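Chemist: this is the structure alone, sequence omitted:
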């Protein structure tokens with residue numbers, strides 16, 4: 001069994017999480033930044049994501065092409081992702097290159113040049129990414145749900161930004177965002193693999209640890225306003241309809257997070273789940289249906305999404321609400337709870353099989369909630385009772401108060 005991860009807070013505010021994990025010969029090195037879509041002003045929409053793209057374009061000491069030259073040529077890979085709460089940069093390289101990867105991530109974290117010509121070229125890439133998101137009915141449906149669900153709140157903004165802001169973006173504006181948010185106090189370094197933790201900590205001290213403390217503090221994200229029930233219906237050039245219903249749910253650090261995880265699983269995350277059995281197997285009103293729970297640092301969303309024929313929209317929505325009422329009154333069976341716990345254990349175990357999967361779980365926890373809670377998550381999950389799931393359904397799934405967004409075929 002691998003030793004547990006260790007955590008160190010450097011003098012300048014950088015957090016370091018290290019775990020010796022010798023299941024393979026590769027090491028996962030990740031730099032997490034507490035800067036995401038929620039940190040943007042109304043005139044900066046999409047800058048966190050755009051900056052993520054630009055950090056691959058060269059630093060003051062690494063010319064363009066360093067990813068191919070330094071990472072891929074050594075048999076590794078590098079990528080990044082931006083969300084509402086954070087941005088993270090992840091590298092997988094042979095174990096012996098761990099310290100090199102730390103040095104490289106430090107370099108892009110504070111020394112990227114954000115070349116003006118590269119910035120202009122990247123606009124085409126980001127605008128195409130927006131177009132693809134618009135063309136995907138499921139992705140666009142999720143964005144529309146969040147837009148209405150978090151109306152007036154930073155979580156309701158598009159992570160990719162708007163075409164107008166992207167087209168008008170200048171190097172000066174992006175550099176200002178970079179300097180404000182990419183500071184030691186915002187960084188968490190995560191290293192998992194066949195490494196010596198002491199050597200990793202020494203390497204972190206020599207690189208990230210030498211950055212001057214900024215004294216800047218991240219603005220707290222406001223609590224979302226009370227969700228106002230809403231019904232939105234939009235036409236799209238699709239052959240089928242898409243339906244999404246959303247309810248407020250606990251934020252990431254809430255004690256009920258594992259309960260709501262299991263509630264979502266019992267509702268719609270397996271072939272035996274309530275909604276799938278009721279609306280696809282017994283009374284085939286939908287082509288597909290699922291339930292999901294997204295927990296952010298300041299809020300959560302419990303949602304149900306379905307693809308179906310437009311003529312079945314009303315009956316499908318009624319069926320979803322009917323199953324929710326049944327769960328609120330009668331609860332769940334011991335067998336349903338057992339299956340949901342077993343499935344959650346399996347998913348969590350799969351995530352822990354690789355260095356990269358472990359690093360992601362640790363980095364996300366250290367960034368938006370607490371590493372200790374992540375390490376205790378499975379024990380908390382196993383302790384959930386059927387009565388807790390029923391009470392969570394009563395608390396969070398109000399059959400009269402939810403946001404509904406539907407896409408219908410054009411010209412229906």
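Modeler: Right, received. Where do you want to start? As the structure is a prediction and not an experimental result, all values here were calculated from the model.

Chemist: so which residues of the stretch 101-250 of the chain form strands?
Modeler: 187-193, 230-236, 241-249 (DSSP state E, counting those that start in this stretch).

Chemist: any chance of those in a markdown table, plus mean pLDDT, distance to residue 352 and mean neighbour count?
Modeler: In short, each C-beta sits where N, CA and C put it, glycine included. Converted to a markdown table, the strands of the stretch 101-250 of the chain look like this (pLDDT from 0 to 100; distance: least, CB to CB, whole Å; neighbours: other CB atoms under 10 Å):
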| stretch | mean pLDDT | distance to residue 352 | mean neighbour count |
| --- | --- | --- | --- |
| strand 187-193 | 98 | 10 | 29 |
| strand 230-236 | 95 | 39 | 13 |
| strand 241-249 | 98 | 25 | 23 |
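
Chemist: quick check: which of those strands is nearest to residue 266?
Modeler: Minimum separation from residue 266 across these (CB to CB) falls at strand 241-249, 14.4 Å.

Chemist: quick revisit: right, and the strands of the stretch 101-250 of the chain - which one's nearest residue 108?
Modeler: strand 187-193 (11.7 Å).

Chemist: so where is the chain shaky, pLDDT-wise?
Modeler: Applying pLDDT under 70 to the chain picks out residues 1, 412.

Chemist: does residue 41 count as helix, strand or coil?
Modeler: coil (DSSP: H, G, I helix; E, B strand; the rest coil).

Chemist: count the neighbours of it for me.
Modeler: Neighbourhood size, residue 41 [other CB atoms under 10 Å]: 9.

Chemist: measure it to residue 104 for me?
Modeler: 30 Å (CB to CB, to the nearest Å).

Chemist: same question for residue 290.
Modeler: 38 Å.

Chemist: mind checking which of the two has more residues around it?
Modeler: residue 104 (25 against 18).

Chemist: dihedrals phi and psi, the residue nearest to that one when sequence neighbours are not counted?
Modeler: Leaving aside its chain neighbours, residue 104 sits nearest to residue 70 (6.4 Å; criterion: CB to CB, 6 or more residues apart in numbering). The phi/psi pair for residue 70 (degrees, to the nearest 10) reads phi -90, psi -30.

Chemist: and if you look at residue 293?
Modeler: Per degrees, to the nearest 10, the backbone of residue 293 is at phi -130, psi 120.

Chemist: show me what contacts residue 82?
Modeler: Residues near residue 82 by CB atoms under 8 Å, 6 or more residues apart in numbering: 36, 37, 48, 49, 52, 159.

Chemist: what's the answer for residue 70, then?
Modeler: Neighbours of residue 70 in contact, by CB under 8 Å, 6+ apart: 62, 100, 104.

Chemist: what would these look like in a markdown table with distance to residue 233?
Modeler: Converted to a markdown table, the contacts of residue 70 look like this (distance: CB to CB, whole Å):
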| residue | distance to residue 233 |
| --- | --- |
| 62 | 50 |
| 100 | 53 |
| 104 | 48 |
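
Chemist: narrow those to those in helices?
Modeler: If you go by DSSP state H, the contacts of residue 70 have 100, 104 in helices.

Chemist: ok, now how distant is the residue most central in space within the chain from residue 374?
Modeler: Geometric centre of the chain, nearest residue: residue 83, 5.5 Å, by CA atoms, centre = their mean. Going from residue 83 to residue 374 by CB to CB gives 17 Å.
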